[in-house]
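Asker: fold the following for me, if possible:
(one chain, ligands or ions: 1)
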Amino acid sequence: MPSAFTLDDWLDREDAWLAPGALRNRDSRGRRHAEPAHEYRSPFQRDRERIVYSSSFRRMTGKTQVLVASVNDHHRTRLTHTLEVAQIARTVARRLRLNEDLTEAIALAHDIGHPPFGHAGEEALNECLRAFGGFNHNLYGLRRVDELEERYPEFPGLNLTFELREAFVRHSGILNGREGDEFRDIGGPPLEAQVVDVVDSIAYDTHDIDDALGLGFVTFDELHEIEFWRRAAETVRRVHPGLRGPAFRGAVLRELLAWQVTDLLNETARRIGASRVESADDVRRSEVPLVGFGAETLAWKQGLERFLRERVYRHHRVLQMTASGKRILKSLFDEYTLFPELLPEKHLRRWAGAATLAGRGSQTPLPNRALVAELPRVVGDYLAGMTDRFAQREYRRLFQPTMDV
Ligand code: MG
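Answerer: Numbers count the residues shown, from 1 in each chain. This next block holds a predicted model:
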C-alpha cells in the first residue's frame, strides 16, 4: 500500500487544516468505556460509522418526519431528512474548516431518538410517561446509544465519544436533569454541533415545502404569500422566465436552500472572525452562538415557518395521520402496562419485575442492572423504538386479531 497513512498522520492533517475554533479528534474528551485507538480511523469517524450500523439508524427509514412514512414513497422520512441534514452540514463544515467527521456524525445521529409518528408520537409518549419523567426524543436518543443498542460485546450501546453524547443532551434543552450532569459545566456547544442544529432548520424548512407541494397540500399561488418564496421565485424567473411545474418547483427550492446556506456561511464567518476564538475551548466560553443567520434571512425563515405551521403541519390530512398515530401509541402503552406478558421477552427482561419471565419457564438471564427499569419506562422505550408500520401492525395484532396475526 504505497500511500497508507497512520492515525497520527490524519490527526496532524486535521491540526494543519482545521480552523482554530474547530473541534479536533485530539480535543475529544473520549468514551465512557476506554477503547484502544484504531490504526487509521479517527474517533469521530468511528462514531459516524457506528451510528450508520445501528438499528436505530436503519429504523429511521420507517419513521415519520412530518408525514406518516407509509403514506407514499416520495416524501421525506426521518432517514432521508437526516441524510439531507448531513450533506448540508458537511458543506458548511468544510467551507468553514470545521471537523467534517464530527459534524456528519452529529447530523446522522440527531434524530435517531424520534419515536414513530413524529412529534405527535413524542407528545403521546410524553403524556403516557408523565409520572415517570416524561419523554424527550433527544434523551431517548442518548439512552439508545448508551444502553439500548446491542452490537458490541465489549460495552453496552455504541460507546460514542463525549461530544456525540453531549449533542443529544444539549439538543434536549434539559441540562438540569440527571443526563445533564456530565455536560452542565463545560460551557456552550462546539461549532460542529451548532452547525447541525441550524442546518436542521434549513433542511426541514425547504423540504417540508417541497413535500407539501408534492402531496397537493399547498399550491404555488399560496406559497406566493411567503416573502422568502417570492424572492426565490423572482430570482428563478429572471434566469428561466418560461419555467413551469416540477422544474420551477425544483429550481425555487434549490434557490431557497442555496440562499440559506450562503447566508449561514457568511454570517457565521463574520461572527467567528469578530469573536477571535482561537480554540474549541474558546468556542465553549463564547456567550453567544457563533453559528447563525443574518437578521434578514432569519426574518424570512420565520415567515416561511409560520406558513408551514399554519398550512402544512396543521393540514387536516396531517392532523388525521398524527391523531391516529397518537391513538395507536396510547392504546399500545395501556395494553402493555396492563398485560406485560404481551411484551416480547427481550423487553420484558428489562423490567424490574421480570419475575413474570419465570412463569414462562424462561432461562434468559436478567439484564445488567443499568438496564432494569420500571414497567412504564420499559414499555415507553419499546414503543419509541418502533417504526410507524411496526406500531400500526402491533396495534392490529392486539386489537383486531383476525386482520393480521
Ligand atoms: Mg431533524
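Asker: and the residue of the stretch 1-150 of the chain found nearest the ion, what is it in contact with?
Answerer: Nearest residue of the stretch 1-150 of the chain to the ion: Asp111, at 4.5 Å (CB to the ion). Where C-beta positions appear, they are placed from N, C-alpha and C, glycine not excepted. Neighbouring residues of Asp111 by CB atoms under 8 Å, 6 or more residues apart in numbering: 60, 78, 81-82, 137, 141.
Asker: and those residues as a markdown table, adding neighbour count, pLDDT and secondary structure?
Answerer: Listed next are those as a markdown table, based on neighbours: other CB atoms under 10 Å; pLDDT from 0 to 100; DSSP: H, G, I helix; E, B strand; the rest coil:
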| residue | neighbour count | pLDDT | secondary structure |
| --- | --- | --- | --- |
| Met60 | 23 | 94 | helix |
| Arg78 | 23 | 93 | helix |
| His81 | 24 | 95 | helix |
| Thr82 | 25 | 97 | helix |
| His137 | 24 | 95 | helix |
| Gly141 | 25 | 96 | helix |
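Asker: biggest separation within those, which pair?
Answerer: His81 and Gly141 (14.6 Å; CB to CB).
Asker: returning to that earlier point: also near the ion: which of the contacts of Asp111, exactly?
Answerer: The subset of the contacts of Asp111 within reach of the ion, by CB under 5 Å from the ion, is empty.
Asker: the closest residue to Ala233 other than its chain neighbours: which element?
Answerer: Nearest residue to Ala233, sequence neighbours excluded (CB to CB, 6 or more residues apart in numbering): Val252, at 5.1 Å. Following DSSP states H and E, one finds Val252 within helix 245-275.
Asker: and that helix, average pLDDT?
Answerer: What helix 245-275 shows for mean pLDDT is 97.
Asker: mind listing what's buried in that helix?
Answerer: 248-249, 251-253, 255-257, 259-261, 263-264, 267-268, 271-272, 275 (16 or more other CB atoms under 10 Å).
Asker: could you do stretch 132-149 as well?
Answerer: Buried, per 16+ other CB under 10 Å, within stretch 132-149: 135-149.
Asker: tell me the centre residue of the chain?
Answerer: Asp111 (1.6 Å; CA atoms, centre = their mean).
Asker: tell me the first helix or strand C-terminal of the helix or strand containing Ala212.
Answerer: Assigned by DSSP H and E, Ala212 belongs to helix 191-214. Per DSSP H and E, the first helix or strand lying C-terminal to helix 191-214 is helix 220-223.
Asker: model confidence for the closest residue to Gly380 other than its chain neighbours, exactly?
Answerer: Residue nearest to Gly380 in three dimensions, not counting chain neighbours: Leu129, with 4.9 Å by CB to CB, 6+ apart. With respect to pLDDT, Leu129 has a value of 96.
Asker: and Leu129, what does it touch?
Answerer: By CB under 8 Å, 6+ apart, the neighbours of Leu129 are 135, 376-377, 380.
Asker: now for those residues: which two are most distant?
Answerer: Maximum distance among the contacts of Leu129 (CB to CB): 10.2 Å, for Phe135 and Pro376.
Asker: okay, and the common contacts of those two?
Answerer: Common neighbours of Phe135 and Pro376 (CB under 8 Å, 6+ apart) are 128-129.
Asker: picking up where we left off before, immediately after the helix holding Val252, which helix or strand?
Answerer: Criterion used, DSSP H and E; the element after helix 245-275 is helix 280-285.
Asker: dump that next one to CSV, restricted to CA.
Answerer: The C-alpha coordinates for helix 280-285 follow below in CSV (Å, rounded to 0.1, in the frame of the first residue of the first chain):
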residue,chain,number,x,y,z
ALA,A,280,-12.5,24.8,20.7
ASP,A,281,-12.4,25.8,24.3
ASP,A,282,-12.8,29.5,23.4
VAL,A,283,-15.9,28.5,21.4
ARG,A,284,-17.3,26.8,24.6
ARG,A,285,-16.6,30.0,26.5
